[in-house]
Structures are given as structure tokens and as C-alpha cells.
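Enquirer: the following comprises the amino acid sequence and a computationally predicted model.
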Amino acid sequence: MATEVLKVEGLRVDVQSRGRSASVLDGLSFAVGARQCVGVVGESGSGKSIALRAVMGSLPAGAEVRAGTVAVHGGARQPAGEHPPGVAMVFQDSFAALDPTMRIGTYLAETVRRHRRISRRAAWPAMLELLGAVGIPDPAHRARAYPHELSGGLRQRTAIALALATDPEVLLCDEPTTALDVTLQAKILMLLRRKQQESGLGLVFVSHDIAVIRQIADVVAVMYAGRIVEIGPSADVIGSPRHPYTRALVAAVPDLDHPEPRFASIAGAPPDPFEYAPGCRFMSRCSVAGDGCSTPTRGLDGTESKHRSDCVHDTITLGPRR
Ligand SMILES: Nc1ncnc2c1ncn2[C@@H]1O[C@H](COP(=O)(O)OP(=O)(O)OP(=O)(O)O)[C@@H](O)[C@H]1O
């Protein structure tokens with residue numbers, strides 16, 4: 001792998017509800033190289049957002065990091081839960097990222113000024129350049145708008161510009177293009193790709209849309225019930241999935257070349273985190289589950305695992321497949 005810009009190891013996050021506690025992330029480990037994009041897919045509730053927020057050090061109330069480390073740019077491993085330097089995030093909800101009381105140009109220019117330690121006068125054109133780079137038409141005019149005066153698409157692009165204003169080495173993106181139309185989505189993906197090439201930016205890109213992930217990700221991590229169940233080069237994971245869950249997920253994508261595209265869905269629902277049973281969490285929905293899938297074992301990182309290295313059907317790791 002190229003220079004590693006982010007390494008996450010053994011991340012565990014617990015949430016509390018009515019006096020009970022559940023691990024919604026369980027021993028998550030992955031790495032991102034410079035210019036690399038790690039795409040994260042999985043059903044709703046699998047822990048994609050919580051994973052990014054835990055790495056960013058901005059978990060919602062009620063969620064807490066219980067274990068794990070984060071290292072940036074080959075530096076020392078730090079306990080997860082603090083905002084690591086050089087890491088920025090684009091949230092699903094772009095409203096939350098912007099200050100509703102400030103014109104977007106003022107807010108963005110202020111971020112640029114503080115980060116680059118330049119004068120207000122110098123920050124203004126730099127801000128306009130950023131707005132232009134994310135495809136905002138007529139930046140000088142738009143810069144005077146307040147967040148609520150912008151369409152969802154323009155606001156989302158402003159949020160991306162804001163994240164890029166800090167010149168991050170790693171950008172965590174939580175469904176940043178989901179609300180945008182296909183053309184705009186493609187533009188944003190191209191912009192992120194360009195940033196990767198220009199500045200070596202490493203990306204972690206969460207999406208429920210495998211088509212988008214296939215377009216942007218070099219590596220795909222598939223999450224199920226708080227664990228990564230399969231991770232590897234995207235062509236392999238999407239093209240020839242090994243884990244029964246990944247297979248079901250890929251099979252659920254409609255065949256868009258078919259005259260009448262049809263969605264298949266995965267029967268059943270993911271387990272409630274407060275009810276996680278020992279062993280494989282996909283077992284109850286798995287078409288090939290058998291004896292032994294409910295026996296807990298320990299993975300290399302010490303976490304209970306039936307889903308990863310010891311799934312009877314798969315051995316799922318980064319790197320070339322034999
Ligand atoms: N603030 C919170 N308090 C308690 N539980 C939470 C909190 N936020 C998330 N959870 C729980 O953590 C688990 C993972 O949620 P998360 O939002 O990370 O899933 P996701 O994969 O990002 O889903 P989606 O695709 O719908 O955004 C879920 O079971 C969710 O109910």
C-alpha cells in the first residue's frame with residue numbers, strides 16, 4: 001500500500017439505552033493509503049456512521065469509544081475518541097456543518113484564514129476558489145448567501161468545500177452525495193478523485209449504493225451488525241464476493257442493464273445490537289449457515305468472531321486473492 005494516512009485498530013463503541021449497554025461497533029480495523037479510497041457499505045444500522053464519527057472523535061450523545069486506536073500518517077497510535085489531526089469529515093446532514101447565522105463565504109473564509117494563518121484579504125479569494133472547485137456557480141454571488149438560502153445540493157457542496165478548507169490528509173465522507181442528483185453526484189466524485197491525485201488525500205466513503213462505491217473505491221469494507229465481514233480490493237469484493245452477506249448484498253443490486261430492473265432484498269432483518277448472540281451475527285439470515293456458526297471464537301484482535309477469518313465459507317482479508 002502507498003503511505004498509510006490512516007490506520008484504525010480494534011475500534012469498539014458502546015451505546016447506552018434504558019440502563020443497558022450494547023456494542024454497536026466491535027473490533028473494527030482498517031487502513032487507508034494516500035490517494036486510496038476505502039468504501040464502506042452495509043445495511044442501515046450496521047454502524048457505518050458511528051464508525052466514521054468514532055474515528056473523527058465526534059460521537060453522538062449516548063455513544064462511547066470503549067477500545068481502539070487511530071494513527072494518522074504513520075504516526076503513533078492514539079486512543080480513539082479524540083479528533084485526529086489532518087482528518088476532516090463531511091456529514092450526511094450539511095446543515096449541521098454550517099453556521100446558520102453566518103453567510104457561507106464569511107464562514108468558509110474564516111476557516112481558511114484560521115487554518116492557513118493568512119490575512120482576511122488573502123482568505124477571501126482562496127474561499128472563492130474552494131467554492132468554484134466544488135462546482136458552485138458564481139461563487140462571488142453565492143458566498144453572500146446564508147445556509148438556508150441554498151438548495152440541498154449547493155449546501156452539501158459548501159460542506160465539502162468547508163471540509164477541504166482545512167487541507168486534510170484524510171476525508172471521511174458519510175453519504176455525501178446521497179441527496180444529490182446523478183450528474184452532481186458524478187461531479188463531486190470526480191472532484192474528490194482529483195483531490196486524491198493532487199494532494200494524496202485518503203478517503204473513507206460511506207454509501208448504501210454499491211454502484212457509487214464501485215465507481216470511487218479502491219478497497220471495499222462490508223459492514224454487518226457492527227463488524228467488518230469482508231474487506232478487499234473493490235473489484236474482488238463486488239465482482240466475486242465471498243462472504244454470504246456480501247453475496248446477498250451484491251445480489252440485491254438491480255441489474256440496470258435488464259429491461260425491467262428489479263431489486264432483490266435480503267430476507268429478514270439485522271439483529272438488534274442489544275440482542276447480539278454469540279457467534280455469527282448473520283447466521284439467522286444466512287442461506288448456508290450450519291452447525292458451528294453459533295460457536296463464538298476469537299479473531300486475531302481478540303474480538304469474538306465467527307464472521308471473519310473463521311467463517312467456514314470464507315477467509316476475507318485485504319490483498320490479492322489466491
Ligand atoms: N446516539 C445513539 N444512541 C444510541 N444508539 C445509537 C446512536 N446512534 C446510533 N446508534 C445505534 O448504533 C447502531 C449503528 O448506527 P449507525 O447510524 O452507525 O448505522 P449506519 O450503518 O450508519 O446506518 P444508516 O445507513 O441508516 O445511516 C444502530 O443500531 C443505531 O441504532
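Expert: Cool, got the structure.
Enquirer: the closest residue to L28 other than its chain neighbours: which element?
Expert: In this structure, L28 finds its nearest non-sequential neighbour in L11, 4.1 Å apart by C-beta to C-beta, 6 or more residues apart in numbering. All C-beta atoms are positioned from the backbone trio N, CA, C, and that covers glycine. Using DSSP states H and E, L11 sits within strand 4-17.
Enquirer: given that strand, what are its sheet partners and their directions?
Expert: Sheet pairing of strand 4-17 (DSSP bridges) gives strand 20-33 (antiparallel), strand 63-72 (antiparallel).
Enquirer: my guess is P100 contacts Y146, does it?
Expert: Yes. The pair P100 / Y146 is scored as a contact, 6.8 Å apart, by C-beta atoms under 8 Å.
Enquirer: between these two, which one's more packed in?
Expert: In this view P100 and Y146 are compared by other C-beta atoms under 10 Å, and Y146 has more residues nearby, 15 against 10.
Enquirer: what distance do you get for that one to Y107?
Expert: Look at Y146 and Y107: by C-beta to C-beta, to the nearest Å, they are 10 Å apart.
Enquirer: in CSV, list the strands paired with strand 4-17 along with mean neighbour count, distance to A186 and mean pLDDT.
Expert: CSV is the format used below for the strands paired with strand 4-17 (neighbours: other C-beta atoms under 10 Å; distance: least, C-beta to C-beta, whole Å; pLDDT from 0 to 100):
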stretch, mean neighbour count, distance to A186, mean pLDDT
strand 20-33, 20, 23, 93
strand 63-72, 19, 29, 96
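Enquirer: between these, which one is closest to the ligand.
Expert: strand 20-33 (3.7 Å; C-beta to the nearest ligand atom).
Enquirer: could I have the closest one exported to CSV, CA atoms only?
Expert: This file holds the C-alpha atoms of strand 20-33, laid out as CSV (Å, rounded to 0.1, in the frame of the first residue of the first chain):
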residue,chain,number,x,y,z
ARG,A,20,-28.5,-1.4,29.1
SER,A,21,-25.4,-1.3,27.0
ALA,A,22,-24.7,-2.7,23.5
SER,A,23,-21.5,-2.8,21.4
VAL,A,24,-22.6,-1.3,18.1
LEU,A,25,-19.0,-1.5,16.8
ASP,A,26,-17.0,-4.5,17.6
GLY,A,27,-13.3,-4.7,16.8
LEU,A,28,-13.2,-2.6,13.7
SER,A,29,-9.9,-2.4,11.9
PHE,A,30,-8.9,-0.9,8.6
ALA,A,31,-6.2,1.2,6.9
VAL,A,32,-6.3,3.9,4.2
GLY,A,33,-3.3,4.7,2.0
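Enquirer: now the next helix or strand after that strand: average pLDDT?
Expert: The first helix or strand that comes after strand 20-33 along the chain, using DSSP H and E, is strand 37-41. Per-residue pLDDT over strand 37-41 has a mean of 95.
Enquirer: grab the longest helix from this structure for me.
Expert: Here the longest helix in the chain is taken by residue count, with DSSP state H as the criterion, and it is helix 182-199.
Enquirer: give the other helices and strands that that one contacts.
Expert: Contacts defined by 3 or more C-beta pairs under 8 Å, 6 or more residues apart in numbering; DSSP states H and E place helix 182-199 against helix 152-164, strand 170-174, strand 202-206, helix 210-216.
Enquirer: now render the ones you listed as a markdown table, adding distance to Q185, mean pLDDT and mean neighbour count.
Expert: A markdown table is the format used below for the helices and strands packed on helix 182-199 (distance: least, C-beta to C-beta, whole Å; pLDDT from 0 to 100; neighbours: other C-beta atoms under 10 Å):
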| stretch | distance to Q185 | mean pLDDT | mean neighbour count |
| --- | --- | --- | --- |
| helix 152-164 | 9 | 90 | 23 |
| strand 170-174 | 12 | 95 | 24 |
| strand 202-206 | 12 | 95 | 26 |
| helix 210-216 | 7 | 87 | 19 |
